[in-house]
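S.K.: Need coordinates for the following:
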Amino acid sequence: MSFLARGTFKGIQMPQSIIATGGPCAAFIPMGVTMLRDGPRPSRRALLWLVAVIGLLLLGNPYGPWG
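M.R.: Below you'll find the model as predicted:
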């Protein structure tokens, strides 16, 4: 991640940031798929929490501040 520029500098172009961020993301995709396949299934309680959090985020989005 030292390749990724911190802040705005003259001469730093957008493709450099995309490559520097996208490289590690693409490298970790196989590991994430393996972990999801080999790991235990989430419990019913975990799924209910997930639904509750997503529901609150969707409900709060239109009423949140715009800035």
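
S.K.: Name the residues that touch the helix or strand hosting V53?
M.R.: Assessed by DSSP states H and E, V53 sits inside helix 44-60. Contacts of helix 44-60 from elsewhere in the structure, counted by CB atoms under 8 Å, 6 or more residues apart in numbering, are P42. C-beta: built from backbone N, CA, C; applies to glycine.

S.K.: in that helix, what counts as buried?
M.R.: Within helix 44-60, not a single residue qualifies as buried, counting by 16 or more other CB atoms under 10 Å.

S.K.: export it as PDB, just CAs?
M.R.: Presented in PDB, the C-alpha positions along helix 44-60 are these (Å, rounded to 0.1, in the frame of the first residue of the first chain):
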ATOM      1  CA  ARG A  44     -30.000 -17.700  13.000                       C
ATOM      2  CA  ARG A  45     -29.200 -14.900  15.500                       C
ATOM      3  CA  ALA A  46     -26.400 -13.600  13.300                       C
ATOM      4  CA  LEU A  47     -28.700 -13.500  10.300                       C
ATOM      5  CA  LEU A  48     -31.400 -11.600  12.300                       C
ATOM      6  CA  TRP A  49     -28.800  -9.000  13.300                       C
ATOM      7  CA  LEU A  50     -27.600  -8.700   9.700                       C
ATOM      8  CA  VAL A  51     -31.200  -8.100   8.500                       C
ATOM      9  CA  ALA A  52     -31.800  -5.600  11.400                       C
ATOM     10  CA  VAL A  53     -28.600  -3.600  10.600                       C
ATOM     11  CA  ILE A  54     -29.300  -3.500   6.900                       C
ATOM     12  CA  GLY A  55     -32.900  -2.500   7.500                       C
ATOM     13  CA  LEU A  56     -31.800   0.400   9.800                       C
ATOM     14  CA  LEU A  57     -29.300   1.600   7.300                       C
ATOM     15  CA  LEU A  58     -31.900   1.500   4.500                       C
ATOM     16  CA  LEU A  59     -34.500   3.200   6.700                       C
ATOM     17  CA  GLY A  60     -32.100   5.900   8.000                       C
END
